[in-house]
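Asks: structure for this input, please:
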Amino acid sequence: MNDTTAPPLVTRSVAPQQLTWLHTELADWTAQGIVSEDQAARISARYHSRHHARTDVGRVLLVLGAGFVGVGLIWLVAANLDALSPATRFGVVAALWLSFLLGGEALAARGSSPALVGAVRLLAALGSGAVVFQAAQSLQVPAYEPRLVGLWAAGALLHAYLARAYLPFVVGVATGVAWWFMQPTWVDGDGLTWVVLLGAGAVLASGLAVVHDGRIASFAWTWRTVAGGMALLAMFVAAVPDVGADGIRWSTWMVVAVVLAGLAAVAAALVRPGPRVLEPAGAVAVAVAATLLASWSTGADASDVRTSDWLHAAVSVLAYVALAVGLVALGTVRDHPALTWMATTGLVVFTTFQSFAVFAPIVTGAWLFVVLGTVFLGTGFLVDRARRELAQALDTSTDPKGSDR
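Replies: Take a look at the predicted model:
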């Protein structure tokens, strides 16, 4: 006996403009006889409009509320809560953190609103920082120690990976990046040290992005964004004249940072062999180039621009343009618009800085703006043309096996 019960219709939510386009196309197809009116109605019934306004406002308010409460907890710790004993303060903060941590996972298990779950998880991630700082205060450890930020980052990242939670991951990455620079430069850090840390951070983040590809897309997107930002900053700082005149001061934490970056690049090559390995390899090239450029000693007197200064500026501009074009290409291939905007903005800021730092002593007044505008037009044209040609090549290429480009 045939079962005549129709399966339930599963619909998909799409943006209002996409639904409008679909209705227009269905009307045109029906008029041309491509599909019947019944088929058009069945296709249309599979999609419904996605209304973002109320959901987005609620999500923003929940995240803002969670952020304020979390920061308030840390502020209360910083204010010492003098009315309570250290043990009581720690117990109160730890109890709040545990309630947020367990409550967020309980809400997720019940299928509650993702916005509500995310807000509670954000509270837990921020609350873990309050627990760390309160414990340090109870143990008479100074609150400004970088290792406390590192412990906070480790706890937030552990929570994020165990729960596959994005907002705790953002907290972990933000505090982890802060610790990455605070710990090695705590005693002393010069310009070249910052360049090495930025370059190593770009290698580490790009390697982690490749490792996360195909596994946790949102984590991969964030790591790739961090890698692009650090690469741009590394090349920017390296281009400052005489930034590395004092050399680099190696410490245990500097060695740890470089080793971690190398391990991330190796892990990316082992886990995802193929074209994706070019990302950490490119980050390594940027780190090496930035370190060499920062080590290139030139004149520090802005009123006396010599040939070496011009050569340093020219090499810096070429290296930065090459990096920007590479990030634009990566953003196009990986469908990552943030990289494209970061590269474009960084190129504008970098060109402006170089023009006023190097060209201003020679080309003054209105001519400086003419030269600057010409440089902008030229670099903008090259970057935009490279992006368009790459996008066109990707659109026209065929990949029947769905291989990973």
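Asks: C-alpha from now on. contacts and neighbour counts both.
Replies: Will do.
Asks: residue 176 against residue 149, yeah?
Replies: Yes - assessed by CA atoms under 8 Å, residue 176 is found in contact with residue 149 at 7.4 Å.
Asks: which one's more surrounded, these two?
Replies: Using other CA atoms under 10 Å as the criterion, residue 176 and residue 149 rank with residue 149 on top: 24 against 20.
Asks: the host helix or strand of the more buried one packs against which elements?
Replies: Taking DSSP states H and E as the criterion, residue 149 maps to helix 146-163. Under the contact criterion of 3 or more CA pairs under 8 Å, 6 or more residues apart in numbering; DSSP states H and E, helix 146-163 touches helix 114-138, helix 166-182.
Asks: what's the shortest one packed up against?
Replies: On a contact count with 3+ CA pairs under 8 Å, 6+ apart, helix 166-182 meets helix 114-138, helix 146-163, helix 191-212, helix 217-238.
Asks: deepest in the core, which of the ones you listed is it.
Replies: helix 191-212 (a mean of 27; mean count of other CA atoms under 10 Å).
Asks: so which of the helices and strands packed on helix 166-182 gets nearest residue 261?
Replies: Residue 261 lies closest to helix 191-212 among the helices and strands packed on helix 166-182, at 4.2 Å (CA to CA).
Asks: and the helices and strands packed on helix 146-163, which one is worst for confidence?
Replies: Lowest mean pLDDT of the helices and strands packed on helix 146-163: helix 114-138, a mean of 82.
Asks: now for that helix, which elements pack on it?
Replies: Using 3+ CA pairs under 8 Å, 6+ apart, the elements in contact with helix 114-138 are helix 53-78, helix 86-109, helix 146-163, helix 166-182.
Asks: what about stretch 104-114, how long is it end to end?
Replies: 10 Å (CA to CA, to the nearest Å).
Asks: buried set for it?
Replies: 104-105, 107-108 (16 or more other CA atoms under 10 Å).
Asks: need the helices and strands packed on helix 166-182 in a markdown table (columns: distance to residue 326).
Replies: Output for those, formatted as a markdown table (distance: least, CA to CA, whole Å):
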| stretch | distance to residue 326 |
| --- | --- |
| helix 114-138 | 34 |
| helix 146-163 | 29 |
| helix 191-212 | 13 |
| helix 217-238 | 10 |
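Asks: out of these, which comes closest to residue 260?
Replies: Ranking those by proximity to residue 260 (CA to CA) places helix 191-212 first, at 6.8 Å.
Asks: let's test this: mean pLDDT of the closest one, rounded?
Replies: Mean per-residue pLDDT for helix 191-212: 89.
Asks: heads up, I number from 33, so please use that
Replies: Renumbered: residue one is now 33, and that last one reads helix 223-244.
Asks: list the buried residues in stretch 281-291.
Replies: 286, 289-290.
Asks: domain map for the chain?
Replies: Here the domain assignment for the chain is 44-81, 88-214, based on automatic domain parsing.
Asks: quick one: closest of these to residue 303.
Replies: Of all the domains of the chain, it is domain 88-214 that lies closest to residue 303, at 18.0 Å by CA to CA.
Asks: turn the domains of the chain into a markdown table, columns for distance to residue 261.
Replies: Output for the domains of the chain, formatted as a markdown table (distance: least, CA to CA, whole Å):
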| stretch | distance to residue 261 |
| --- | --- |
| domain 44-81 | 30 |
| domain 88-214 | 11 |
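Asks: the ones you listed: which one's closest to residue 348?
Replies: Closest approach to residue 348 among the domains of the chain (CA to CA): domain 88-214, 23.6 Å.
Asks: in PDB, list the C-alpha atoms belonging to the helix or strand residue 315 falls within.
Replies: Residue 315 belongs to helix 310-327 when assigned by DSSP H and E. C-alpha atoms of helix 310-327 as PDB (Å, rounded to 0.1, in the frame of the first residue of the first chain):
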ATOM      1  CA  LEU A 310      50.800  29.100   0.700                       C
ATOM      2  CA  GLU A 311      49.100  31.200   3.400                       C
ATOM      3  CA  PRO A 312      51.500  30.400   6.300                       C
ATOM      4  CA  ALA A 313      54.400  30.300   3.800                       C
ATOM      5  CA  GLY A 314      53.400  33.800   2.700                       C
ATOM      6  CA  ALA A 315      53.200  34.900   6.300                       C
ATOM      7  CA  VAL A 316      56.700  33.600   6.900                       C
ATOM      8  CA  ALA A 317      57.900  35.600   3.900                       C
ATOM      9  CA  VAL A 318      56.300  38.700   5.300                       C
ATOM     10  CA  ALA A 319      57.800  38.100   8.800                       C
ATOM     11  CA  VAL A 320      61.300  37.700   7.300                       C
ATOM     12  CA  ALA A 321      61.000  40.600   4.900                       C
ATOM     13  CA  ALA A 322      59.700  42.900   7.700                       C
ATOM     14  CA  THR A 323      62.500  41.900  10.100                       C
ATOM     15  CA  LEU A 324      65.100  42.600   7.400                       C
ATOM     16  CA  LEU A 325      63.500  45.900   6.500                       C
ATOM     17  CA  ALA A 326      63.400  46.900  10.100                       C
ATOM     18  CA  SER A 327      67.100  46.000  10.600                       C
END
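Asks: report the angle between the host helix or strand of residue 380 and helix 249-270.
Replies: Secondary structure assignment for residue 380, by DSSP H and E: helix 369-386. Counting by axes from the mean of the first three to the mean of the last three CA atoms, to 10 degrees, helix 369-386 points 10 degrees away from the direction of helix 249-270.
Asks: in helix 369-386, what counts as buried?
Replies: Buried-residue list, helix 369-386, by 16+ other CA under 10 Å: 369-372, 374-376, 378-380, 382-384, 386.
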